[in-house]
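Novice: just coords:
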């Protein structure tokens, strides 16, 4: 364990493996604040991304080889799509420093624990984490220093994760502006399935449904998108590989929520077909109530 | 016909029947510009709404009785939920002035033509219209003068609607800041089913799906709504009676689009279940393409 205490930086060396919206936001905050890590090392899969990171200038050191990036780091944060985690963990595991903390930012937590935990050597501490923040933009250009402000970061530590490691990662996220809460990984995956993964699946799907309409209608969908559809496309603009990996790695919870939603949508369709005005009004009223609750909770 | 030409106001007396977000925005614009109507008369169903309109001060005259409101008006705009149109038309028809233009702002056009056109006396000209503008707020407080700027208003005139009447209503909407286009009513209803009605049905439904979760999960849905779900609740905050009426009055097109969407969502669910990464990535990529098209068309 190597959290450096409150006077100096939290970590001596933070290695970011993958550098999209989330990773580059963390790097920018670390550079701006100075109290998160004395050195930020960045590695990424493609030379193009590494070149761009060099131009953007938020990394202290850039390494093409993830093994070199994690060498001597007391904190390693996996910021790649969750489908790449097993390979990354296998690659870096032999090069992790004793006592290092490994954490991540993936949107699915059971899969990350399944893919990463068994590969880590003894004496390395795993703190799975998920900052609930994002925009529809991706890549190292997309990050910004206020991304995590007033947002939650959920940690799903394992039973044997030392409390000091959990506290160090919590403090990192607090210094990034985030609120922090611990949660059971299975519960995390269910909650995220309904608040994030299913809405994204729906948004991607309706864009496809519209795209399959006849040419004339499709042009008009784009022309007249203002009322409703436009908001769905904003959600649907996110990174394809990241979302493919999220769907495939939260399969059970996502399919359960999709099944519940589909039943409810069919029931609404049936009410429309048979003219059940009271049913429809009641469902719409519930939507308003939920919106009001969000406003009261300042999450709107 | 009584469009007053380009020098004076377009109409001598504009009667607004119903005064929510759309109607009160038109009234505010008419008052601010002065060249839409020399007099704006407002009527509404409840004394409470009429009192509020009096306080807000954007009407020249307020009438509790819709018959008195339309008397002597050369333009009548129906701004109530579309389910109320048949009753309103039956009530006001005998009191419409010869040569008056009747128009509306309803989100469904075939139903409006079905419910209103047969009741209008000869010599009264019907120009069904639909401004594609709105927010999640409703009622006479919600309107504002820039609501229609850079938005489309779709007109679905009947074969026997005189071109002068279509032009007068077009000019009203242009003076409200809107772009105007004519469209076949059945085509309007299909396009709106996919760009607006289905997205709202989905948003209301997913709020219900979330609300049906166990107490603990529901609380967390609200707490962690930031990523995705929140955007759906914004759409879902709209007026229940208005949306109930829209769903019931665009039944065929809405059910067709819901069926297409449900098939596509099931196919996506199947791809998740069987790990079909290429299928998922392709669908997500299509969502991005549609988003990019919207940005190019400046509709994002």
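Specialist: That came through, no problem. In this text the structure is predicted, and so the values were computed from the model without any measurement.
Novice: which residue lies nearest the spatial centre of chain A?
Specialist: The structure's chain A has its C-alpha centroid closest to residue A:107; by CA atoms, centre = their mean the separation is 4.1 Å.
Novice: now do the contacts for that residue.
Specialist: A:82, A:130, A:192, A:196-197, A:242, A:246, A:250 (CB atoms under 8 Å, 6 or more residues apart in numbering or on different chains). Yep, even glycine has a C-beta here, placed from its N, CA and C like the rest.
Novice: which SS state does it fall under?
Specialist: coil (DSSP: H, G, I helix; E, B strand; the rest coil).
Novice: what comes up buried for stretch A:206-226?
Specialist: Across stretch A:206-226, burial judged by 16 or more other CB atoms under 10 Å in any protein chain shown covers A:206-211, A:213, A:217-218, A:220-226.
Novice: hmm, I typed the wrong one, I wanted stretch A:8-23.
Specialist: A:9-23.
Novice: those residues in strands, which ones?
Specialist: Assignment to strands by DSSP state E places the following of these there: A:11-17.
Novice: need these in TSV (columns: pLDDT).
Specialist: As requested, those are exported to TSV (pLDDT from 0 to 100):
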residue	pLDDT
A:11	98
A:12	98
A:13	98
A:14	98
A:15	98
A:16	98
A:17	98
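Novice: C-terminal to the strand or helix carrying residue A:255, what's the next element?
Specialist: Taking DSSP states H and E as the criterion, residue A:255 maps to helix A:251-274. Downstream of helix A:251-274, the first helix or strand assigned by DSSP H and E is helix A:277-296.
Novice: buried stuff in that following helix?
Specialist: A:277, A:279-281, A:283-288, A:290-291, A:293-294.
Novice: what about residue A:159, how many neighbours?
Specialist: By other CB atoms under 10 Å in any protein chain shown, the residues close to residue A:159 number 4.
Novice: secondary structure class for it?
Specialist: On the basis of three-state DSSP, residue A:159 is classed as coil.
Novice: gap between it and residue B:136?
Specialist: Separation of residue A:159 from residue B:136 (CB to CB, to the nearest Å): 44 Å.
Novice: residue contacts, the nearest residue to residue A:193 once chain neighbours are set aside?
Specialist: Once flanking residues are discounted, residue A:193 sits nearest to residue A:253: 3.8 Å by CB to CB, 6 or more residues apart in numbering or on different chains. By CB under 8 Å, 6+ apart, the contact set of residue A:253 is A:189-190, A:192-193, A:197.
Novice: same check, this time on residue A:155
Specialist: A:127-130, A:166, A:169-170, A:180-183.
Novice: same check on residue A:8?
Specialist: Counted by CB under 8 Å, 6+ apart, residue A:8 has contacts A:35, A:38.
Novice: then residue A:59?
Specialist: Counting by CB under 8 Å, 6+ apart, residue A:59 has contacts A:16, A:19, A:27, A:40-42, A:53.
Novice: redo that, cut-off 6 Å
Specialist: Counting by CB atoms under 6 Å, 6 or more residues apart in numbering or on different chains, residue A:59 touches A:40, A:42, A:53.
Novice: quick one: the first one is in a helix?
Specialist: So that's residue A:40. No - with three-state DSSP as the criterion, residue A:40 is strand rather than part of a helix.
Novice: circling back: which of the ones in strands among the buried residues of stretch A:8-23 sits closest to residue B:60?
Specialist: residue A:16 (64.1 Å; CB to CB).
Novice: and the stretch 1-150 of chain A, which residues reach chain B?
Specialist: A:132, A:134 (CB under 6 Å from any CB of the partner chain).
Novice: repeat that for 10 Å
Specialist: With CB under 10 Å from any CB of the partner chain as the criterion, the stretch 1-150 of chain A comes near chain B at residues A:83, A:107, A:130-134, A:136, A:138, A:150.
Novice: can I get these in TSV with distance to residue B:36 and pLDDT?
Specialist: Below are those laid out as TSV (distance: CB to CB, whole Å; pLDDT from 0 to 100):
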residue	distance to residue B:36	pLDDT
A:83	57	96
A:107	50	96
A:130	53	98
A:131	50	97
A:132	47	94
A:133	45	91
A:134	44	86
A:136	38	82
A:138	46	91
A:150	43	90
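Novice: out of those residues, which end up buried?
Specialist: Among those, those that count as buried by neighbour count (16+ other CB under 10 Å) are A:83, A:107, A:130-134, A:136, A:138.
Novice: for the residues you listed, which one is nearest residue B:102?
Specialist: Scanning these for proximity to residue B:102, where the rule is CB to CB, the winner is residue A:136, at 42.6 Å.
Novice: for the closest one, give its distance to residue A:243.
Specialist: 11 Å.
Novice: quick check: neighbours shared by those two?
Specialist: Counting by CB atoms under 10 Å, 6 or more residues apart in numbering or on different chains, the residues touching both residue A:136 and residue A:243 are residue A:236.
Novice: who's in contact with residue A:176?
Specialist: Going by CB under 10 Å, 6+ apart, residue A:176 touches A:22, A:25-26, A:28-30, A:33, A:36, A:131, A:133, A:145-149, A:151, A:153.
Novice: among those residues, which are in helices?
Specialist: Among the contacts of residue A:176, the members found in helices (DSSP state H) are A:22, A:25-26, A:28-30, A:33.
Novice: give me the buried positions along stretch A:63-81.
Specialist: Neighbour-count burial for stretch A:63-81 [16+ other CB under 10 Å]: A:63, A:66, A:69-71, A:73-81.
Novice: ditto for stretch A:136-154
Specialist: Result for stretch A:136-154 [16+ other CB under 10 Å]: buried residues A:136, A:138, A:140, A:142-143, A:145, A:147-148, A:151-154.
Novice: so for that stretch, first residue to last residue, what's the gap.
Specialist: By CA to CA, to the nearest Å, the extent of stretch A:136-154 from end to end equals 20 Å.
Novice: now swap in stretch A:153-172 and tell me
Specialist: End-to-end for stretch A:153-172, by CA to CA: 10 Å.
Novice: from the chain's centre, how far out does it sit?
Specialist: Relative to the chain's own centre, stretch A:153-172 is displaced by 17 Å; criterion: CA atoms, centre = their mean, to the nearest Å.
Novice: can you list the buried residues in it?
Specialist: A:153-157, A:161, A:165-166, A:168-172.
Novice: pLDDT weak spots in the stretch 151-300 of chain A?
Specialist: Within the stretch 151-300 of chain A, the stretches with pLDDT under 70 are A:227, A:298-300.
Novice: ok, residue A:52 - contacts?
Specialist: Neighbour list for residue A:52: A:19, A:24, A:44, A:46, A:139-141 [criterion: CB under 10 Å, 6+ apart].
Novice: tell me how far it lies from residue A:77.
Specialist: 19 Å.
Novice: what do you get for residue A:169?
Specialist: In terms of CB to CB, residue A:169 sits 9 Å off from residue A:77.
Novice: and if you look at residue A:149?
Specialist: Separation of residue A:149 from residue A:77 (CB to CB): 19 Å.
Novice: repeat that for residue A:193.
Specialist: The value you get for residue A:193 to residue A:77, if CB to CB is used, is 24 Å.
Novice: same thing with residue A:147?
Specialist: Residue A:147 is 14 Å from residue A:77, by CB to CB.
Novice: what's the answer for residue A:16, then?
Specialist: Noted for residue A:16: a distance of 5 Å to residue A:77, by CB to CB.
Novice: do the same with residue A:153
Specialist: Taking CB to CB, one finds residue A:153 at 12 Å from residue A:77.
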